[in-house]
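In: fold the following and give me the result.
(one chain, ligands or ions: 1)
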Amino acid sequence: MSLIQKLRQFRYFKWILRLIIVVIVVAAVWGIVEYKNKPLCPNCNVILVSLDTLSALHLPCYGYERNTAPNLCKFAKDNIMFLNSYSQSPITLDSHFSIFTSLYPHTHKMTEILKDPLSEKYITLPQIFRANGYQTIYNGFINDDHLPLNRGIERGFNVIQKGTINSWDDAFTQFIKNNKENKPTFLLLHTYAVHEPYLLGHQLKHLFTDLPEDPNVPLTDAEFQQVSPEFFSHVIKSILNENFLKTDLDKETAKRLKAAKSIEEQERIFNSFSYRIRYICFITWQLANLSQTNKNQAEYIKALYDESIHDMDQKLSKLFELVSNPKLSKNTILIITADHGQEFMEHGHYYHSNNLFQASTRVPLIIHIPGVKPKKI
Ligand SMILES: [Zn+2]
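Out: The predicted structure is shown next:
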């Protein structure tokens, strides 16, 4: 009689066999779950880059016909690229707080500028990193109502650096220093490099279009000088209302502007406003004067936007150089995304915050995780 036959005669053989099978199945499932839950890159640095206003629809790797971003798209090809990523709002403030809290705007309620700070009951991304022993660095605008440090953005950051994409070197220096000292670091980089206004001070370089230099767009540098009287009457009539005036100084300046007797005086007073107020005035004036029907105008401004993407893409090469350093490439996760896109009359509007069409909400999401093979998701 063989061993198997002997075992079969054993009264509980079938039950023991079933038990063994159950144990194997449970162990296998447990193993898969454990494998899936294992961090891909424990204690790695994380760099989160918010390229404000960068529409996925204007990037060649997302199907755009113009080669606006060769560096970014090479990075996408070599890493993990999400093809259908949508921002939670077409507005800077709302969208960034969603990125920071993983909450929808109607939950975090950060949907109006100059209102209350984020509720303390919501924890933000830098707070989580800091609580887990990370050094945390912010590099971006400081006095920005759309990314307001004092309303919750600054929570959890050890270091706040004032910067634009042209001065990211400060952040890189601190990042490398932390890395040498074996301090895992979370770095947030934010830039308005491709945000409107595109007309003031920008000349079309004709990288992507042979449109004529000036298809009647208002507010080029030269035209600004000529339209001053109308511009200031626009400022006084429609812009300088209580919603835009934050400080008593702003309100006082607005009164003086209304009372001013000459254009020169108005100009002098206007220039003493904060950047935010002047910026709102420029944008609303420009929008009020753009044609709703002139397709060449929309094409012209779109070309300026595409050229600004190209310019930003050249500057991003420094970031890609940083994370391709042999040590950093193995211990740094790099996430590149945007808070919303940009419209050029595809649906009857310029810029963003008007609607939820793809032009306004479809954004790039590209991630480098050490050891993870390139893929499109
Ligand atoms: Zn934005």
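
In: by proximity to the ion, which residue of the stretch 201-350 of the chain wins?
Out: D339 (4.3 Å; Cβ to the ion). To be clear about C-beta, it is placed using only N, CA and C from the backbone, and glycine gets the same treatment.

In: again but with the chain, I slipped
Out: T92 (3.0 Å).

In: neighbours around that residue, how many?
Out: Using other Cβ atoms under 10 Å, T92 has 24 other residues around it.

In: that one touches H340, doesn't it?
Out: Yes: using Cβ atoms under 8 Å, T92 is in contact with H340, at 7.1 Å.

In: return every residue with contacts to both of the two.
Out: D52 (Cβ atoms under 8 Å, 6 or more residues apart in numbering).

In: and Y279, what does it touch?
Out: Contacts of Y279 (Cβ under 8 Å, 6+ apart): P197.

In: where does it fall, secondary structure wise?
Out: helix 275-289 (DSSP states H and E).

In: okay, now the nearest residue to K302 once chain neighbours are set aside: neighbour count?
Out: In space, K302 comes closest to F344 once its chain neighbours are excluded; the distance is 4.2 Å by Cβ to Cβ, 6 or more residues apart in numbering. The tally of other residues near F344 (other Cβ under 10 Å) stands at 22.

In: what do you get for T185?
Out: Neighbour tally, T185, other Cβ under 10 Å: 24.

In: correct me, but it touches G133?
Out: No: using Cβ under 8 Å, T185 makes no contact with G133, being 10.5 Å away.

In: go ahead and confirm the residue nearest to K302 touches I301.
Out: Yes: using Cβ under 8 Å, F344 is in contact with I301, at 6.2 Å.

In: buried sites along stretch 37-50?
Out: C41, C44, N45, V46, I47, L48, V49, S50 (16 or more other Cβ atoms under 10 Å).

In: enumerate the residues of this protein near the ion.
Out: Contact residues, the chain versus the ion (Cβ under 5 Å from the ion): D52, T92, D339.

In: same thing but at 8 Å, please
Out: 52-53, 91-92, 95-96, 146-147, 192, 195, 338-340, 352 (Cβ under 8 Å from the ion).

In: K121: which of those is nearest?
Out: Proximity of the residues of the chain next to the ion to K121 (Cβ to Cβ) peaks at H96, which lies at 18.4 Å.

In: other SSEs contacting the one helix or strand the closest one maps to?
Out: Per DSSP H and E: H96 is located in helix 92-101. Using 3 or more Cβ pairs under 8 Å, 6 or more residues apart in numbering; DSSP states H and E, the elements in contact with helix 92-101 are strand 45-51, helix 105-108, helix 125-131.

In: can you name the residues in contact with the second one?
Out: If I follow you right, that is helix 105-108. For helix 105-108, using Cβ under 8 Å, 6+ apart, the contacting residues are Q88, S89, D94, S95, F97, S98, T101, T111, L118, S119, Y122.

In: just to check, C41 is in contact with H368?
Out: No: the criterion here is Cβ under 8 Å, and C41 misses it with H368 at 9.9 Å.

In: so what sits against both of those two?
Out: I333.

In: do you know the pLDDT at the nearest residue to N67 once chain neighbours are set aside?
Out: Excluding the flanking residues, the one nearest N67 by Cβ to Cβ, 6+ apart is P60, at 5.3 Å. Confidence at P60, expressed as pLDDT, is 98.

In: longest helix anywhere in the chain?
Out: helix 295-324 (DSSP state H).

In: mean confidence score for that helix?
Out: Averaged over helix 295-324, pLDDT sits at 93.

In: buried set for it?
Out: Neighbour-count burial for helix 295-324 [16+ other Cβ under 10 Å]: 297-310, 312-313, 316, 319-320, 322-323.

In: tell me what that helix is packed against?
Out: Partner elements for helix 295-324 (3+ Cβ pairs under 8 Å, 6+ apart): strand 45-51, helix 70-77, helix 169-180, strand 332-337, strand 343-344.

In: could I get these as JSON lines with mean pLDDT?
Out: Below are those laid out as JSON lines (pLDDT from 0 to 100):
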{"stretch": "strand 45-51", "mean pLDDT": "98"}
{"stretch": "helix 70-77", "mean pLDDT": "98"}
{"stretch": "helix 169-180", "mean pLDDT": "96"}
{"stretch": "strand 332-337", "mean pLDDT": "98"}
{"stretch": "strand 343-344", "mean pLDDT": "94"}
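
In: what's the closest of the ones you listed to I32?
Out: Per Cβ to Cβ, nearest to I32 of those: strand 332-337, 23.5 Å.

In: ok, residues contacting the closest one?
Out: Looking at strand 332-337 with Cβ under 8 Å, 6+ apart, the contacting residues turn out to be 41, 44-51, 72, 75, 79, 85, 99, 319, 323, 363-370.

In: number of nearby residues for D210?
Out: D210: 7 neighbours (other Cβ under 10 Å).
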